[in-house]
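A.B. asks: sequence first, predicted model second:
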Amino acid sequence: MSRGAKIFLLGLLFAVCGAGVWWQQRSERLGEVTPPALLYEVVLRQMTAFRSDDFAGAYRQVSSNFQERFNIQAFAELAHTEYPGLLRADRVEFGAVHFQGRHALMPAYFFLPGDDVIPCVYILVHEEDVWKIDGVRVLRRWPAGRRLSGTRM
């Protein structure tokens, strides 16, 4: 291998490493510049679409990774069978968002008629310059009257 080729390969290696460092720093800054309200809006848009039986609108809020696993018919069935309580919620409240690069974890609390609460953890991903829902984990329902921690005024 000629000396010029070796220098070219070494320069290319440094360029690739530099691009990797830049991309990592950009991903870490994503959480610093993203207001949590943007993430809340994604979930609220999906819930509004579900309540009006607009499954295409709800499906637009999920990530491409999620769409690869579920087509729109399977997605609609999943919503009806796995998350019917979420669709009946009177209100939803959000917890603190935790950013991990281009992913975010966000707790959400769905308050049902009768004061039961369904806690969830949403996993969101930043793709194509927008936040999308990549998954949701529904936790065990809290019965009515369970006192939530925190300060009350």
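C.D. replies: Happy to help now that I have it.

A.B. asks: make it CA atoms for all contacts and neighbour counts henceforth
C.D. replies: Will do.

A.B. asks: now do the helix or strand encompassing residue 45: distance to the chain's middle.
C.D. replies: Per DSSP states H and E, residue 45 falls inside helix 36-51. Relative to its chain's centre, helix 36-51 lies at 10 Å (Cα atoms, centre = their mean, to the nearest Å).

A.B. asks: go on, stretch 41-55?
C.D. replies: How far stretch 41-55 lies from its chain's middle: 14 Å, per Cα atoms, centre = their mean.

A.B. asks: contacts for that stretch, please.
C.D. replies: 57-59, 61, 72, 75-76, 87, 131-133 (Cα atoms under 8 Å, 6 or more residues apart in numbering).

A.B. asks: next: stretch 128-147.
C.D. replies: For stretch 128-147, using Cα under 8 Å, 6+ apart, the contacting residues are 38-39, 42-43, 61-63, 65-66, 114-126.

A.B. asks: and the gap between the residue most central in space within the chain and residue 7?
C.D. replies: Residue closest to the mean C-alpha point of the chain, counted by Cα atoms, centre = their mean, is residue 124 at 1.5 Å. With distances taken as Cα to Cα, to the nearest Å, residue 124 is found 42 Å from residue 7.

A.B. asks: picking up where we left off before, after the helix holding residue 45, next one along is what?
C.D. replies: Next in sequence after helix 36-51, counting helices and strands by DSSP H and E, comes helix 55-59.

A.B. asks: now residue 65. Nearest residue, chain neighbours left out?
C.D. replies: Excluding its sequence neighbours, the residue lying closest to residue 65 (Cα to Cα, 6 or more residues apart in numbering) is residue 134, at 7.0 Å.

A.B. asks: just to revisit the earlier point, point out the least confident one among the contacts of stretch 41-55.
C.D. replies: Least confident by pLDDT among the contacts of stretch 41-55: that is residue 87, with 79.

A.B. asks: ok, how many other residues are close to it?
C.D. replies: 15 (other Cα atoms under 10 Å).

A.B. asks: domains in the protein, as residue ranges please.
C.D. replies: Using automatic domain parsing, the domain ranges for the chain come out as 1-33, 35-138.

A.B. asks: ranking these by burial, who's on top?
C.D. replies: Of all the domains of the chain, domain 35-138 carries the top mean neighbour count, a mean of 17, counting by mean count of other Cα atoms under 10 Å.

A.B. asks: now do the same end-to-end measure for it.
C.D. replies: Distance across domain 35-138, first residue to last, is 24 Å (Cα to Cα).
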